[in-house]
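1. Here's a sequence, model it:
(one chain, ligands or ions: 1)
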Amino acid sequence: MKADAIVVGAGIIGALAAYQLRKRGLSVLLLDAGKEGAATLASAGMLAPYPEGLSGEVLEAALLGLESYPELLAELRGLGLEVEAGFAGTQVVALSHGEGEVWGAAEPPSYPVRGARGARTFPGGYVHPRRLREALLRALAAMDTPLVLAEVERVEPGWVHGRGQEGGFSARSGRILLAVGAWAGRFGLGVRPLKGEALVLESPPEGRPSMPLFAGEGYLLPREGGVYVGATSREGWAPGVDLFGLRWLADYAHERFPLLEKARFQKALWGYRPMGELFVGEVDRGVYAAVGHGRNGVLLAPWTVGRVLELMGVRP
Ligand SMILES: Cc1cc2nc3c(=O)[nH]c(=O)nc-3n(C[C@H](O)[C@H](O)[C@H](O)COP(=O)(O)OP(=O)(O)OC[C@H]3O[C@@H](n4cnc5c(N)ncnc54)[C@H](O)[C@@H]3O)c2cc1C
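-> Okay, the predicted model is just below:
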């Protein structure tokens, strides 16, 4: 097997990278191991540079991400691929006088929150990460680039070695991207998993917030006609949603938001955030890595992919 570029990992980073490379005429081999706990499949997808407290170069990268999404989504819509998203802003709701001062929370909250002392709306929004990934994979399939289910075991300049549905294989390329999320430690990169759990609740229209809303330890946003409530944070590998996480999320939703008191449970989600230092660079000749996106991988994906293309010498 041979391709102009091999992308290892099809979370939001790998799927978007493969899409942008293929769109520019390169042949792409996109490999994914189908790991349980991939972050993108559980992610809230908030585009919230300011409430997330980002600064410096990462804030700039995040603002670029926020700015890029409407165009990307319009492009996908043009291909008949609609992705749930909103760009009305993101709101921080202060729960104490001190918090109100720190955030300059002088507005009334856009959604009822028990104990609210004021709110502030920032530029921002959200996108549905799993749906976005699905849309990118469909667009890739339409460009003769199907996702290949395979686990990469070893990478060296020019080569990727792994195991697919038909056994061991090797594939050749001068451009290899590792976008393997929390599993990057296997390739010698300093990333560790931070498990996050979340709930999706069914809700009538009046129970849905109009934008992502941060209040205290958690947050809410619109999702699939209901409400996404997130999220827990626990270090380490521990698959699944446990009772501790479930109870925290249910109590948070129930106690903080009067409109959710009678909301019905739809599903629980979980995934491993890839924590560590954000790294987008070359790790060996022709081998690149885009890892360590932590809590902001969806927001940072457009910038990350732009940088990867630049490093690979591919026309932006
Ligand atoms: C609960 C939760 C809420 C979040 N909320 C937000 C948010 O509001 N805003 C935001 O911007 N970010 C958020 N994040 C973070 C964001 O989702 C992640 O930073 C982002 O999804 C990381 O994308 P990724 O492509 O690097 O990793 P992943 O989505 O984890 O994808 C990695 C892929 O690599 C594959 N893989 C791993 N090892 C191999 C291998 N050896 N061979 C082949 N394939 C392999 C896996 O199967 C997986 O599909 C949240 C995360 C969680 C868990």
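2. Without its sequence neighbours, what residue ends up closest to the closest residue to the ligand within the stretch 101-250 of the chain?
-> Going by Cβ to the nearest ligand atom, the ligand is nearest to residue 181 of the stretch 101-250 of the chain, at 2.6 Å. Using the backbone N, CA and C atoms, a C-beta is placed for each residue, glycine as well. Ranked by Cβ to Cβ, 6 or more residues apart in numbering and with sequence neighbours excluded, the top spatial neighbour of residue 181 is residue 274, at 4.5 Å.
3. pretty sure the one you found is in a strand, no?
-> Yes. Secondary structure of residue 274 (DSSP: H, G, I helix; E, B strand; the rest coil): part of a strand.
4. show me what contacts it?
-> 39, 181, 182, 184, 191, 193, 291, 292, 293, 294, 297 (Cβ atoms under 8 Å, 6 or more residues apart in numbering).
5. Strands along the stretch 101-250 of the chain, start to end?
-> 119-122, 125-127, 147-156, 159-164, 167-172, 176-178, 191-202, 213-215, 218-223, 226-230, 234-235 (DSSP state E, counting those that start in this stretch).
6. buried ones in the longest helix along the chain?
-> Criterion DSSP state H: the longest helix present in the chain is helix 56-78. Buried residues in helix 56-78, counted by 16 or more other Cβ atoms under 10 Å: 58, 61, 62, 63, 64, 65, 66, 68, 69, 72, 73, 76.
7. what residues does the helix or strand residue 280 falls within touch?
-> Taking DSSP states H and E as the criterion, residue 280 maps to strand 279-284. Residues outside strand 279-284 that contact it (Cβ under 8 Å, 6+ apart): 155-157, 178, 187-190, 288-292, 304, 307-308, 311.
8. got it, and stretch 90-101?
-> By Cβ under 8 Å, 6+ apart, the list of residues contacting stretch 90-101 reads 46-48, 50-51, 102-103, 105, 109-111, 113, 115-126, 211-216.
9. if you average pLDDT over that stretch, what comes out?
-> Per-region confidence: stretch 90-101 scores 96 on mean pLDDT.
10. For beta bridges, what are the partners of the closest residue to residue 307 other than its chain neighbours?
-> Excluding the flanking residues, the one nearest residue 307 by Cβ to Cβ, 6+ apart is residue 280, at 4.8 Å. Per DSSP bridges, the residues bridged to residue 280 are residue 290.
11. what's the spacing between residue 116 and residue 94?
-> 7 Å (Cβ to Cβ, to the nearest Å).
12. And for residue 155?
-> Using Cβ to Cβ, we find residue 155 at a distance of 47 Å from residue 94.
13. Could you do residue 124 as well?
-> For residue 124, the distance to residue 94 - Cβ to Cβ - is 17 Å.
14. And for the residue of the stretch 201-316 of the chain found nearest the ligand, the neighbour number?
-> Here the stretch 201-316 of the chain gets closest to the ligand at one residue, residue 297, 2.1 Å apart by Cβ to the nearest ligand atom. Counted by other Cβ atoms under 10 Å, the residues lying close to residue 297 total 26.
15. ok, and it, which helix or strand is that part of?
-> Going by DSSP H and E, residue 297 is in helix 297-311.
16. That helix: which residues count as buried?
-> 297-309.
17. for it, packing partners?
-> helix 12-23, helix 39-42, strand 46-47, helix 56-78, strand 279-284, strand 287-291 (3 or more Cβ pairs under 8 Å, 6 or more residues apart in numbering; DSSP states H and E).
18. Just give me how far the fifth one sits from the chain centre.
-> The chain centroid and the centroid of strand 279-284 are separated by 20 Å under Cα atoms, centre = their mean, to the nearest Å.
19. Quickly check: it near the ligand or not.
-> No. Judged by Cβ under 6 Å from any ligand atom, strand 279-284 stays clear of the ligand, getting no closer than 10.7 Å.
20. and the angle for that strand with strand 147-156?
-> Using axes from the mean of the first three to the mean of the last three Cα atoms, to 10 degrees, the inter-axis angle of strand 279-284 relative to strand 147-156 is 60 degrees.
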